[in-house]
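Novice: This is the structure alone, sequence omitted:
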């Protein structure tokens, strides 16, 4: 049974065919994406309370909703922003929650429970999922004719395109961006309203009364049932103009078209706009479901776009802002190229170290294992993306270790005179337990990566999963297929039949003699040998504290984003003026090809971790900048930041490179908690001033900063009573007159267009016409100026809270290439030097990159303790000795210092990927030590501490140890040279640390073992099984 694959040729061939077909079919059917899919753990609850101050919004809307939501223990953070007329509550679930759907259902239920507690004039709270996946396609329908754009036409075309894309198989969500809402506008002068004895609200009510869109009952008889309906629904501008309006006290009637201007258009000012390629546009963004291939979906979408573009009239354009399939293909081409180059390098090193025959067998293990892993990925629903394929690259040098051991063992037994069948069966029997233990310890090292919870765990988890799948597949194939092929290859090409380069690897007598002399010296002076072996790890621990830290490096992509924020009182027209002028300056930079703007609302998600948090913000714009290439991304960002800061001093413009890892609003975030908003603002301004002194800080921002100017009406209550109006009536008439009020609607094609009554723009855009408005009162009309005076007062722009407590969030934005950890340390040292302290009742905590990094590392290391115990148990059971297990455990600990030393020597940053590499290294570093120690324990003389026998055992194991080490390090060369900057820290930590761990295996382990045996240490003894 142990050599069934060797004896049964049909079984061997069928297994090979099965693995190849399974893997190849999986390769062509696996979903493909740029980055892993992240579970949606964030959402927003948006509620409108028209024209209410931030204090009223906080008290009447935000607090009742927060109180209900905070009853859920699954919520990690509840952050709210109460602004003028709007409440936005951001809900973040705990990172440990994997099945989020039931939790979000309970969140929606809590929102419904809070609705009766809200004021009647508040809108129903709207639950919105926060998009955690990037759009697969973003296009803009552009208006390229002279003059003002017709957003009605653009909007209708965008809706048509939206419906076509939505009909494609695999399409997820399709949304429109930058489309102002349509409306029928009834403009009537304030003086005419007063002359006719009407208010805007009363006129709106009469229009609504003429729009009966409800059934008037049914007529039922023995033969039929007929629906009865009042045939008076509004269906055209002519029908609206013909509505009879009762005016004056005597019941006179006038047609609406006689007293007001009726027109169809879009809301003015618009809530959101878009400019694509410098042209007014409406954007359409589509996502793809995770189980579909993005590249295949993109081909179908391109066909739809081509067909749609052919139907557009002259002067209308269709421009692609983002085609994610191009980035997916580039990313996969890059990592697959690394996989192929790494495989070739591994085979070449195997040829040099082991000879052509062994290299051929070891090389066969690479594609077979890769295909088998692809098959497992298909079964487990793991897509192809940069993380899953990189896991295969990491596994390159690891998965052939088993193959190398099996091939060398088979060849050794063949040299001893066994038949191929005997050699295969005895090899499998002898190596099954050691290889299983070795594979298990390595698998356990990658389990924390595969099982890490939270967004970061989901982002990097498939690295650990694919490595584990590769190691398990390698173990199976090595003990079955590779062992059988090794025996059959001997039948075709017996040992000695070919040149040395075929049957054995290269050797150097000079190097061998030098190595033997060094080993002999170490064994003669074991204490000195142990001390010398500890030098490199100790140095690594010593320099560990000096390593610069970076959570995740920025992505090397030919895109970046720009955020423009004006003072919160700014109008949309001012924002338009700034972004169009900024576009001209941006285009002057040689590296830039185009910039696309989205105003009033965040841009569509064009990268997986770009936070889309802005809405109903006419003072805000977000730009997507397209570059010619990736060669000078950082330099271009730095130059643009300086240029735009100089050109637009009144605007806060952030030029931001796209980052990897979990999203955060700013790299530096200070959260100030306290009861008094005035004190919070003062403390926040102090911290902003301190942050601004740091050279790498480009801008700062605080949630409680500059007050918002507000016009306050001081009503003479006595005069108002005499005129027959009160405060509420004055506020209601002003609100409906200036902002307009909706009464009725028409159905235009598939669009429901509301009818809004308001005064013209020239009568509501300046203070004088407003104060001269005539109010309708019980005793006729009275000018507003006779009842009230207007003063300019400061007011809070927003009130922010976190988990039910008021806070001031101070954000610090850094120049491209700056390290947040370094800047935060400088800031903290600056505060310490000034002996800065918070007042009593106030506290400070840190968010941003520091908070995200801490959470991610905590999630990653949460299972390390348990897995360490399992790894220790595996070693104890394998060697049947606590002392020998402790010796191997010391190698695992020392490898951490070796990883730190490698990072320091290569000038690499210590970040999350470096931590991943260090965890992986722990499992790899002990493998060679296990091999050497197991060989020493198998030799009777070496087991008793004989130096000559120890030397012979170590010399015999050296080629195997060097072969596995060199092939593993070689497999990481493509990642070390990776230009994205994402993978080098991980590869350097593993490859560099593994090189040092090899020295520990060849010198530290023999010397330490010799000392343990000579000292008759009780822990070195093998204990009988219980």
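Specialist: Great, that's in hand. No experiment lies behind these values; they were computed from the predicted model shown.
Novice: does residue 560 count as helix, strand or coil?
Specialist: Going by DSSP: H, G, I helix; E, B strand; the rest coil, the secondary structure assigned to residue 560 is strand.
Novice: Who are the contact partners of it?
Specialist: Contact analysis of residue 560 by CB atoms under 8 Å, 6 or more residues apart in numbering lists 625, 627, 633, 636-637, 655-658. In short, each C-beta sits where N, CA and C put it, glycine included.
Novice: Can you list which of those are found in helices?
Specialist: 633, 636-637 (DSSP state H).
Novice: which of the contacts of residue 560 lies closest to residue 611?
Specialist: For the contacts of residue 560, the closest approach to residue 611 (CB to CB) belongs to residue 656, at 10.6 Å.
Novice: what's the nearest residue to that closest one if we skip its chain neighbours?
Specialist: residue 561 (5.2 Å; CB to CB, 6 or more residues apart in numbering).
Novice: Would you check that that neighbour makes contact with residue 640?
Specialist: No. Contact criterion CB atoms under 8 Å: residue 561 and residue 640 do not qualify, at 11.4 Å.
Novice: So for these two, which sits in the more crowded spot?
Specialist: Using other CB atoms under 10 Å, the more surrounded residue of residue 561 and residue 640 is residue 640, with 24 against 20.
Novice: tell me which element the more buried one falls in.
Specialist: Assessed by DSSP states H and E, residue 640 sits inside helix 633-647.
Novice: So residue 381 is in contact with residue 291, correct?
Specialist: Yes. Using CB under 8 Å, residue 381 is in contact with residue 291, at 7.4 Å.
Novice: that older thread, any quick PyMOL command for the buried ones out of the contacts of residue 560?
Specialist: Only the buried members of those end up in this PyMOL selection, burial being decided by 16 or more other CB atoms under 10 Å:
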select buried, resi 625+627+633+636+637+655+656+657+658
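Novice: which of the contacts of residue 560 lies closest to residue 179?
Specialist: Nearest to residue 179 out of these is residue 625 (CB to CB; 22.5 Å).
Novice: related to what we said a few turns ago, next, format the ones in helices among the contacts of residue 560 as a markdown table and append distance to residue 534 and pLDDT.
Specialist: Formatted as a markdown table, the ones in helices among the contacts of residue 560 follow (distance: CB to CB, whole Å; pLDDT from 0 to 100):
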| residue | distance to residue 534 | pLDDT |
| --- | --- | --- |
| 633 | 43 | 91 |
| 636 | 47 | 94 |
| 637 | 45 | 94 |
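Novice: shared neighbours of residue 561 and residue 640, anything?
Specialist: residue 625.
Novice: Show me where the stretch 651-800 of the chain has its strands.
Specialist: Ranges of strands in the stretch 651-800 of the chain, per DSSP state E, counting those that start in this stretch, are 652-657, 668-673, 697-702, 708-715, 741-748, 751-758, 774-777, 780-783, 788-795, 798-802.
Novice: just so I know, which of those strands lies nearest residue 733?
Specialist: Of all those, strand 774-777 comes closest under CB to CB, at 5.4 Å.
Novice: Please confirm that residue 10 is located within a helix.
Specialist: Yes. Counting by three-state DSSP, residue 10 falls inside a helix.
Novice: in the chain, which helix or strand is least confident?
Specialist: Least confident helix or strand, the chain: helix 500-503 with a mean of 48, by mean pLDDT, DSSP states H and E.
Novice: just checking, next helix/strand downstream of that helix?
Specialist: Next element after helix 500-503 (DSSP H and E): helix 509-524.
Novice: ok, and what's touching the helix or strand following that next one?
Specialist: As assigned by DSSP H and E, the chain's next helix or strand after helix 509-524 is helix 526-543. For helix 526-543, contacts defined as CB under 8 Å, 6+ apart pick out 521-523, 894-902, 904, 996, 999-1000, 1003-1004, 1006-1008, 1010-1011, 1014.
Novice: List the buried residues in the host helix or strand of residue 485.
Specialist: Using DSSP H and E, residue 485 sits within helix 483-492. Judged by neighbour count using 16+ other CB under 10 Å, the buried positions of helix 483-492 are 483-490.
Novice: contacting residues for the most centrally placed residue in the chain?
Specialist: Taking CA atoms, centre = their mean, the centroid of the chain lies closest to residue 609, which sits 3.4 Å from it. Going by CB under 8 Å, 6+ apart, residue 609 touches 659-663.
Novice: can you tell me which residues contact the residue nearest to residue 656?
Specialist: By CB under 8 Å, 6+ apart, the contact list for residue 561 reads 603, 606-607, 610, 622-625, 656, 658.
Novice: do residue 961 as well
Specialist: Going by CB under 8 Å, 6+ apart, residue 961 touches 928, 931-932, 998, 1001-1002.
Novice: Repeat that for residue 519.
Specialist: 951, 954-955, 1002-1003, 1006.
Novice: show me where the stretch 251-400 of the chain has helices.
Specialist: 256-259, 294-309, 324-354, 356-380, 386-415 (DSSP state H, counting those that start in this stretch).
Novice: and those, which is most packed in?
Specialist: Neighbour counts (mean count of other CB atoms under 10 Å) averaged over each of these peak at helix 386-415, with a mean of 25.
Novice: So which elements touch it?
Specialist: Counting contacts by 3 or more CB pairs under 8 Å, 6 or more residues apart in numbering; DSSP states H and E, helix 386-415 packs against helix 324-354, helix 356-380, helix 420-451, helix 454-477, helix 483-492, helix 912-938, helix 947-971, helix 973-976.
Novice: For residue 60, which non-adjacent residue is closest in space?
Specialist: In space, and not counting its chain neighbours, residue 60 is closest to residue 119: 5.1 Å by CB to CB, 6+ apart.
Novice: Now that we have the contacts of helix 526-543, which of them are buried?
Specialist: Buried subset of the contacts of helix 526-543 (neighbour count, 16+ other CB under 10 Å): 522-523, 894-902, 904, 996, 999-1000, 1003-1004, 1006-1008, 1010-1011.
Novice: In helices only, show me those residues.
Specialist: 522-523, 894-902, 904, 996, 999, 1006-1008, 1010-1011.
Novice: Residues contacting the strand or helix carrying residue 623, please?
Specialist: Assigning secondary structure by DSSP H and E places residue 623 in strand 620-627. Residues from elsewhere that reach strand 620-627 (CB under 8 Å, 6+ apart): 321-322, 558-566, 575, 578-579, 582-583, 586, 591-603, 606, 614, 633, 636, 640.
Novice: redo that, cut-off 7 Å
Specialist: For strand 620-627, the surrounding residues in contact (CB atoms under 7 Å, 6 or more residues apart in numbering) are 321, 558-565, 575, 579, 586, 591-600, 602-603, 606, 614, 633, 636.
Novice: what do you get for stretch 421-432?
Specialist: The contact list for stretch 421-432, computed with CB under 7 Å, 6+ apart, reads 2-3, 6-7, 405-406, 409-410, 413-414, 418, 479, 483-484, 487.
Novice: one more time with 8 Å
Specialist: 2-3, 6-7, 405-406, 409-410, 413-414, 418, 479, 483-484, 486-487, 490.
Novice: buried set for the helix or strand harbouring residue 584?
Specialist: Secondary-structure assignment from DSSP H and E places residue 584 in helix 572-587. For helix 572-587, burial by neighbour count (16+ other CB under 10 Å) applies to 572, 574-576, 578-579, 582-583, 585-586.
Novice: Residue 360: what's it in contact with?
Specialist: residue 489.
Novice: Show me the shaky parts of the stretch 651-800 of the chain.
Specialist: Across the stretch 651-800 of the chain, residues meeting the criterion (pLDDT under 70) sit at 779.
Novice: give me the element the residue lying farthest from the centre of the chain is part of.
Specialist: The centre of the chain is farthest from one residue, residue 250, which by CA atoms, centre = their mean lies 66.5 Å away. Assessed by DSSP H and E, residue 250 sits outside every helix and strand.
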